[in-house]
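Peer 1: Below is the sequence, then the predicted model.
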Amino acid sequence: MTALPKHASILILMTLLSAGCQSAPPYDPQQRPESTTLVNTDSPLVKGLRVMEADHQGESGFYLLHDGLSAFLARIALIESAQTSLDLQYYIFTNDVTGRIIVSRLLNAADRGVRVRVLVDDMGTRLHNPLVARLDQHPHIEIRVFNPVASRNGVSRNWEILKDFSRTNHRMHNKLMVADGVAIITGGRNLGDVYFSSTNIDFQDIDILAVGPIVPPASGSFDEYWAYPASVPGHLLLDADDTDTDLATLRENLADFLEEQKNSEFINALRTSTLSQALVDSKVPFHWGNASLLVDTPKKVLEHADLHESFYLGADLKTILESSRDRVKISSAYFVPGDQGVELFNSLEERDVAVQILTNSLSTTDVAIVHSGYMDYRKPLLKGGVELWELRSTAGQQKRMHWFKGKSRASLHAKTMVIDDRLSVVGSVNLDARSILQNTEIALLIDSPAINQELSDLFDRWVAGDSAWSVQFNDEGDLRWIADTPQGRLEEEHDPETSGWSRFKIWLLSWLPIDSQI
């Protein structure tokens, strides 16, 4: 890939917007309204947090969200508790049941005077004119689109993506919500049904609710992305005149939708949820400790030619892993370690650091081409002593059935690390070239034995025989997949729960020289 000269990508972005949005003036980042995080110092949420923080001076509080329903309820709790500001930064924000519920709560918050800023990636979130254009009309809501393509649909959009691939190939994969400048949620989940266990694909994922000193750096990161030239105001891409409804109609439509959903699992859960009140009443069982924010600079998108890879979040992760002494447990939805990753993990094993890795199997991945990039690294990792598991399609079924009826296919979406007995990483970053080199990412490095143990226990449940296949060598030196379950041992000599045709297609894809893109 040929790197663009310094600032050329920004000029191209402006030109594309000028050409693609015929009714809009040329895009000038200097003409956007400036704003930064608003911190409320006297809301009920702040007062409740202040009580909890009083006994933990200088430490941050952390609350793991490892099932879809809790992750959804926590976001609603922050939205409903906020009195001053809400900032949302997501790769994907879908227009489905949970997406609309979140939109309805954001609109309610804006109606009561809360300033709402929403930053979404243009590839992950395909904005549709009616919903977004109406929301953007609200005086307390502003929507920006990160690194957009001017054309919104069809062949012209695809042509622009290809024509300016060195820019459009870099995406904002961050996931972050900030409430009143005092509480955040970050981790692996985007906003949509599939991330909150409400579809036939059940993502195994991890988010974390955090308060305390870790919040200002996170909100500062949002401000940096919000102010970056690649964050384009939504009204330059979506024309409000293209929709024949207004905010009042939007409220009516959302009210009708919520009435239709009144007996759904999510609405019923919202009725009985006590998390919002628990935040105010200082009753959330936080674990306390120190933390650092790991986050890519937005310059990684438009100015990557001028950035050394040592400035990337991936360089921080490498340093953290190299510091391990006893154990490393990694959950990575997309895992394409490359030769350098194999060398790193095998070098840890040579120092007697036990390395355990969980990723998706061919039957559970939602991006098959990633599996084609991963498959050839299994043997070198196993030869170096790394323990490797691949998720089974039935993982998590019993827990899911408590809330949602019907069977599902599990898929790993978590991005976590457990290092020794104190450090943990929770965030949006996968261990593949796309996360490390192409996308921007965010994560928390947490120094808390309690969080470390909780994540370690969760990892152990995820790699148990009823949830994951252990990948091993057979006597002939070929791969085999083993799952020891309460019903007995299962063993396969090829990728489990797959057809010969799907394995053949993945084998063909594995010959493509595209490791840097997956």
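Peer 2: That came in fine, so what should we check first? Given the structure is predicted, the values throughout are model-derived calculations rather than measurements.

Peer 1: And for residue 238, the neighbour number?
Peer 2: Around residue 238 there are 24 other residues, counting by other Cβ atoms under 10 Å. From N, CA and C alone the C-beta is placed, and that goes for glycine too.

Peer 1: Pull up the gap between it and residue 412, please.
Peer 2: 34 Å (Cβ to Cβ, to the nearest Å).

Peer 1: what's around residue 35, how many residues?
Peer 2: Neighbour tally, residue 35, other Cβ under 10 Å: 14.

Peer 1: Surely it and residue 117 touch.
Peer 2: Yes: the criterion here is Cβ atoms under 8 Å, and residue 35 meets it with residue 117 at 6.8 Å.

Peer 1: In the stretch 351-500 of the chain, where is pLDDT below threshold?
Peer 2: 396-408 (pLDDT under 70).

Peer 1: Now do the helices in it.
Peer 2: Under the criterion DSSP state H, counting those that start in this stretch, the stretch 351-500 of the chain contains helices at 368-374, 378-383, 397-401, 433, 449-462, 500-509.

Peer 1: Reformat those helices into JSON lines and put mean neighbour count and distance to residue 69 next to each item.
Peer 2: Output for the helices of the stretch 351-500 of the chain, formatted as JSON lines (neighbours: other Cβ atoms under 10 Å; distance: least, Cβ to Cβ, whole Å):
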{"stretch": "helix 368-374", "mean neighbour count": "22", "distance to residue 69": "27"}
{"stretch": "helix 378-383", "mean neighbour count": "17", "distance to residue 69": "34"}
{"stretch": "helix 397-401", "mean neighbour count": "15", "distance to residue 69": "9"}
{"stretch": "helix 433", "mean neighbour count": "21", "distance to residue 69": "33"}
{"stretch": "helix 449-462", "mean neighbour count": "18", "distance to residue 69": "16"}
{"stretch": "helix 500-509", "mean neighbour count": "13", "distance to residue 69": "32"}
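
Peer 1: And the strands in the stretch 401-518 of the chain, which stretches?
Peer 2: 409-412, 415-419, 423-427, 442-447, 468-473, 479-485, 488-492 (DSSP state E, counting those that start in this stretch).

Peer 1: Turn these into JSON lines, including mean neighbour count and distance to residue 137.
Peer 2: Output for the strands of the stretch 401-518 of the chain, formatted as JSON lines (neighbours: other Cβ under 10 Å; distance: least, Cβ to Cβ, whole Å):
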{"stretch": "strand 409-412", "mean neighbour count": "23", "distance to residue 137": "37"}
{"stretch": "strand 415-419", "mean neighbour count": "25", "distance to residue 137": "36"}
{"stretch": "strand 423-427", "mean neighbour count": "26", "distance to residue 137": "34"}
{"stretch": "strand 442-447", "mean neighbour count": "23", "distance to residue 137": "30"}
{"stretch": "strand 468-473", "mean neighbour count": "20", "distance to residue 137": "48"}
{"stretch": "strand 479-485", "mean neighbour count": "17", "distance to residue 137": "53"}
{"stretch": "strand 488-492", "mean neighbour count": "12", "distance to residue 137": "55"}
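
Peer 1: Switch those strands over to TSV; also include distance to residue 111.
Peer 2: Shown next, in TSV, are the strands of the stretch 401-518 of the chain (distance: least, Cβ to Cβ, whole Å):
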stretch	distance to residue 111
strand 409-412	37
strand 415-419	35
strand 423-427	33
strand 442-447	29
strand 468-473	46
strand 479-485	51
strand 488-492	54
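
Peer 1: any chance of the helices of the stretch 351-500 of the chain in JSON lines, plus distance to residue 489?
Peer 2: Formatted as JSON lines, the helices of the stretch 351-500 of the chain follow (distance: least, Cβ to Cβ, whole Å):
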{"stretch": "helix 368-374", "distance to residue 489": "24"}
{"stretch": "helix 378-383", "distance to residue 489": "19"}
{"stretch": "helix 397-401", "distance to residue 489": "20"}
{"stretch": "helix 433", "distance to residue 489": "36"}
{"stretch": "helix 449-462", "distance to residue 489": "19"}
{"stretch": "helix 500-509", "distance to residue 489": "22"}
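
Peer 1: The ones you listed: which one's closest to residue 102?
Peer 2: Among the helices of the stretch 351-500 of the chain, the nearest to residue 102 by Cβ to Cβ is helix 397-401 (20.8 Å).

Peer 1: Quickly list what's touching both of residue 35 and residue 117.
Peer 2: Counting by Cβ atoms under 8 Å, 6 or more residues apart in numbering, the common neighbours of residue 35 and residue 117 are 142, 226.

Peer 1: Can you point out the buried residues in stretch 277-288?
Peer 2: 279-280, 284, 286-288 (16 or more other Cβ atoms under 10 Å).

Peer 1: What pLDDT does the model give residue 344?
Peer 2: In this model, residue 344 is scored at 98, pLDDT.

Peer 1: What strand or helix carries it?
Peer 2: helix 338-350 (DSSP states H and E).

Peer 1: For that helix, give me every contacting residue.
Peer 2: 318, 321-322, 324, 328, 337, 355, 357, 377, 380-381, 383-386, 431, 433, 515.

Peer 1: and if you look at stretch 434-441?
Peer 2: Here stretch 434-441 has contacts from 169-174, 225, 295-298, 300-301, 309, 312-314, 334, 427-429, 516-518, using Cβ under 8 Å, 6+ apart.

Peer 1: can you do 6 Å?
Peer 2: 169-174, 296, 300, 313-314, 428-429, 518 (Cβ atoms under 6 Å, 6 or more residues apart in numbering).

Peer 1: any idea which of the residues you listed has the most stuff around it?
Peer 2: residue 172 (31 neighbours).

Peer 1: Ramachandran angles for it?
Peer 2: phi -90, psi 110 (degrees, to the nearest 10).

Peer 1: Might you report the residue contacts of it?
Peer 2: Neighbours of residue 172 in contact, by Cβ under 6 Å, 6+ apart: 121, 146, 440.

Peer 1: ok, the nearest residue to residue 512 once chain neighbours are set aside - contacts?
Peer 2: Nearest residue to residue 512 in three dimensions, chain neighbours excluded: residue 372, at 7.3 Å (Cβ to Cβ, 6 or more residues apart in numbering). Going by Cβ under 6 Å, 6+ apart, residue 372 touches 506, 509-510.

Peer 1: ok, so of the contacts of stretch 434-441, who is nearest residue 61?
Peer 2: Among the contacts of stretch 434-441, residue 428 lies closest to residue 61 (Cβ to Cβ), at 20.7 Å.
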